[in-house]
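Chemist: Show me how the following folds:
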Amino acid sequence: MRTLEQDLGEVDATTAPFLESSLEAFNRSTTRMAASHPHFILDADAQKKAHELSKGLGAQERMALLGVILGKLVDVPFDDVAVLVGMKAKRLTRVMHGEEQIPKLFDRRWDMLAEMLENLGAVLRSEATGRWLGTPIPRLEGRTPLDAIQRGGLEAVVAVTRSYLDPSFG
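Modeler: Numbers count the residues shown, from 1 in each chain. Just a heads-up that it's a prediction; the model follows:
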């Protein structure tokens, strides 16, 4: 299975529109480009700004939010990323390459997904996200978070990640 990072490959004419439109929305925020990686990584402040921008989104803000989400999922297989964002892998690729606009119907899902990833980022290292997505969780009736999301249970998965932030969790 390939990861998002492997699928993005080197920045070229086909991947540049995705990266450029995402970066344009965050040029004034704290975005860093890793020289050895074609994807970008956003620090916590930039992620929060993107999350705030996601409310009442236009096309550029949707692309920026997708960039934040994808940046947190670089170690997750691309097909699983497509499941998480609610698109088929081919469509996600077209969106990433700027060949297709992102419809408003993704706003709520991506807002919740961004919250889930933000919550996880507070308790897990980013490279552990993929493993967590594939781990059966008792509160999800023994399903993995990925499976629960695929079956329409994103709200339940977000609730689980919120519980991780509860000081009594442990």
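Chemist: ok, residue 88 to residue 125 distance?
Modeler: 29 Å (C-beta to C-beta, to the nearest Å). The C-beta positions use only the backbone N, C-alpha and C, and glycine is treated the same way.
Chemist: what do you get for residue 117?
Modeler: Relative to residue 125, and taking C-beta to C-beta, residue 117 is found at 13 Å.
Chemist: neighbour count winner among those two?
Modeler: Each of residue 117 and residue 125 has its neighbours counted (other C-beta atoms under 10 Å); residue 117 has more, 23 against 9.
Chemist: Retrieve the pLDDT associated with the more buried one.
Modeler: Residue 117 carries a pLDDT score of 96 in this model.
Chemist: now it, nearest residue through space, not along the chain?
Modeler: Among residues not flanking residue 117 along the chain, residue 72 sits closest, at 4.4 Å (C-beta to C-beta, 6 or more residues apart in numbering).
Chemist: Return the residues in contact with that neighbour.
Modeler: 47, 117, 121, 126, 129 (C-beta atoms under 8 Å, 6 or more residues apart in numbering).
Chemist: So the third one, which state does it fall into?
Modeler: Yep, that's residue 121 we're talking about. Here residue 121 is helix, with the state taken from DSSP: H, G, I helix; E, B strand; the rest coil.
Chemist: what separates it from residue 143, distance-wise?
Modeler: Taken as C-beta to C-beta, the span from residue 121 to residue 143 is 22 Å.
Chemist: just the fourth one next, same as before
Modeler: Here the distance between residue 126 and residue 143 works out to 23 Å (C-beta to C-beta).
Chemist: Give me the more crowded residue out of these two.
Modeler: It is residue 143, of residue 126 and residue 143, that has more neighbours when counted by other C-beta under 10 Å, with 18 against 15.
Chemist: Next, the contact list for that one, please.
Modeler: By C-beta under 8 Å, 6+ apart, the neighbours of residue 143 are 136-137, 151, 153.
Chemist: try 7 Å
Modeler: Contact analysis of residue 143 by C-beta atoms under 7 Å, 6 or more residues apart in numbering lists 136-137.
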